[in-house]
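In: Here is my input, please return the structure:
(one chain, ligands or ions: 1)
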Amino acid sequence: MNIKVCRNYDEMSEKAARMICAVMTLKPDCTLGLATGSTPVGMYKRLIAMYESGELDFSRVRSYNLDEYYPIKPTDPQSYRYFMNVNLFDHVNIDRANTHVPNGEAADPDAECRAYDEEVSRAGIDIQVLGIGRNGHIGFNEPSDRLTAATHLTALSESTIEANSRFFASPEEVPHHALTMGLAPIMKSKRIIILVSGKDKHDALSALLSGVIDTSVPATVLNMHPDVTVICDEAAYNG
Ligand code: PGA
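Out: Here you go, the predicted structure:
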């Protein structure tokens, strides 16, 4: 695992954007694995700036997002589809038909998850962006005695509901379920970058860097992937 410790959030965001930029430059028809949450917002801002300055072209890029609340409408401002539109897709020349977020209103969530897995597998993710939960989750693969390989419908943990309630008017409004890419499709990505910012992520980051694989910190499975770069800020690294 490569580790890049950045001075602050801005430097972390710049470094992450530069890594995506390098992949897109070498392979203009690449497939990006994308994440939501507050951590990657600065990286998306930089990617938009690179597009505006003519450095990046998204016209042949495909994307697959990690997760989506369930049930939720894609037009709901709390949905991850909405988040991606507002934070990236509305501002660059990506073909919206090439962007994929699990369907939060699928009538048959299991069938949706199976189809998503198959599509991701066919596309092959060139670079997967991850955040990490304070509880060590990646996507919505929550701490548990058992981890699930396939994309699946999952119940959100209390700690995730609490952490995400900052985006909602009240904790009661946070959906209790989500569709999440499982650990297998994440681990099949050719390259992974995981962005970690802030003191409150220190414990999760320390567990990840300890090299011990522990299902109570799902991110630790990344220790088994051959090409992971942790891009963190000093606050997360030093605690
Ligand atoms: P955050 O979420 O970027 O909003 O902290 C990360 C995550 O829960 O994976």
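In: only C-alpha atoms for contact and neighbour calcs from this point on.
Out: Will do.
In: Could you list every helix and strand in contact with the longest helix seen in the chain?
Out: Longest helix of the chain, by residue count under DSSP state H: helix 9-26. Using 3 or more CA pairs under 8 Å, 6 or more residues apart in numbering; DSSP states H and E, the elements in contact with helix 9-26 are helix 41-52, strand 191-196, strand 228-233.
In: May I see the ones you listed arranged in TSV, with mean neighbour count and distance to A169 as well?
Out: As requested, those are exported to TSV (neighbours: other CA atoms under 10 Å; distance: least, CA to CA, whole Å):
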stretch	mean neighbour count	distance to A169
helix 41-52	19	21
strand 191-196	23	26
strand 228-233	23	29
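In: out of the ones you listed, which comes closest to I72?
Out: Closest to I72 of these is helix 41-52 (CA to CA; 21.4 Å).
In: The helices and strands packed on helix 9-26 into a markdown table, with extra columns for distance to I94 and mean pLDDT?
Out: Formatted as a markdown table, the helices and strands packed on helix 9-26 follow (distance: least, CA to CA, whole Å; pLDDT from 0 to 100):
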| stretch | distance to I94 | mean pLDDT |
| --- | --- | --- |
| helix 41-52 | 10 | 98 |
| strand 191-196 | 21 | 99 |
| strand 228-233 | 25 | 98 |
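In: is the ligand contacted by the longest helix of the chain?
Out: No. Shown here: helix 9-26 not in contact with the ligand (CA under 6 Å from any ligand atom), separated by at least 11.5 Å.
In: If you count neighbours, what's buried in that helix?
Out: For helix 9-26, the neighbour count (16 or more other CA atoms under 10 Å) marks 9, 11-18, 20-21, 23-24 as buried.
In: Which members of those are the farthest-apart pair?
Out: Among the buried residues of helix 9-26, Y9 and M24 lie farthest apart (CA to CA), at 22.6 Å.
In: Centre-most residue in the protein?
Out: In the chain, the centroid-proximal residue (CA atoms, centre = their mean) is A35; its distance is 2.5 Å.
In: Looks like it contacts G131 (just checking).
Out: Yes. Using CA atoms under 8 Å, A35 is in contact with G131, at 6.8 Å.
In: Give the intersection of the neighbour lists for the two.
Out: Shared contacts of A35 and G131 (CA atoms under 8 Å, 6 or more residues apart in numbering): G139.
In: Show the backbone phi and psi for V101.
Out: Backbone geometry at V101, expressed as degrees, to the nearest 10, gives phi -130, psi 140.
In: Name the nearest residue to it, sequence neighbours excluded.
Out: Leaving aside its sequence neighbours, V101 sits nearest to N65 (CA to CA, 6 or more residues apart in numbering; 4.9 Å).
In: Phi, psi for that neighbour please.
Out: Dihedral angles for N65 - degrees, to the nearest 10 - are phi -90, psi 160.
In: Wait, it touches S79, no?
Out: No. At 11.9 Å, N65 does not count as touching S79 under the criterion of CA under 8 Å.
In: Between the two, which is the more surrounded one?
Out: Shown here are N65 and S79; by other CA atoms under 10 Å, N65 has more neighbours (24 against 20).
In: what are the bridge partners for the more buried one, then?
Out: L34 (DSSP bridges).
In: from now on call the first residue 557
Out: Shifting the count to begin at 557 puts that one at N621.
In: ok now do it, which residues does it touch?
Out: N621 neighbours (CA under 8 Å, 6+ apart): 589-592, 656-658.
In: and which of those is nearest to A605?
Out: L590 (17.6 Å).
In: Quickly note the distance from the closest one to G795.
Out: 26 Å (CA to CA, to the nearest Å).
In: The residue lying closest to T631 once chain neighbours are set aside sits in which helix or strand?
Out: Distance criterion CA to CA, 6+ apart; nearest residue to T631, sequence neighbours excluded, is Y638 at 6.1 Å. Per DSSP states H and E, Y638 falls inside helix 636-643.
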